[in-house]
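Visitor: Provided below for reference: sequence and predicted model.
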Amino acid sequence: MKMVRAIIRPEREREVVRALERAGIFALTKVPVTGRGRQGGATNGALAYAELAKTMMLLVLEDEQVDRAVTTIAHAAYTGNPGDGQLFVSAVEKTVRLRTGEIYSTATSEDK
């Protein structure tokens, strides 16, 4: 399993969620965040913003869904301007379903 973290423009959130639904990916968590990328914030006339509002989406997916999710998010979030966001993909070692206590571990015997 993998976790995809997507940091995107808040105004692209709805388009990204709809695109993921069309791709058959429904489970996600959204969190409003602030931050800045390589551009170091934004300037609008005399006003400078050190950090900008963004939306972070977290998706835990089966390995075979990851490429589809990354491509879908990248296309739906794209505006062509600095600050469109970034995607991070990392391994998930274990998941626990709180309601049932079911444990799913992806660790191999070498990892334990």
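Guide: Yes, it's here.
Visitor: a strand runs through Asn21, doesn't it?
Guide: Quick fix: residue 21 is Glu, not Asn. No - per DSSP: H, G, I helix; E, B strand; the rest coil, Glu21 lies outside any strand segment and is helix.
Visitor: Against Ile8, how distant is Val96?
Guide: For Val96, the distance to Ile8 equals 28 Å [Cβ to Cβ, to the nearest Å]. All C-beta atoms are positioned from the backbone trio N, CA, C, and that covers glycine.
Visitor: for Ala53, same thing?
Guide: 11 Å.
Visitor: how would you label the nearest residue to Leu28 once chain neighbours are set aside: helix, strand or coil?
Guide: Nearest non-adjacent residue to Leu28, counting by Cβ to Cβ, 6 or more residues apart in numbering: Leu59, 4.8 Å away. State at Leu59, reduced to three classes by three-state DSSP: strand.
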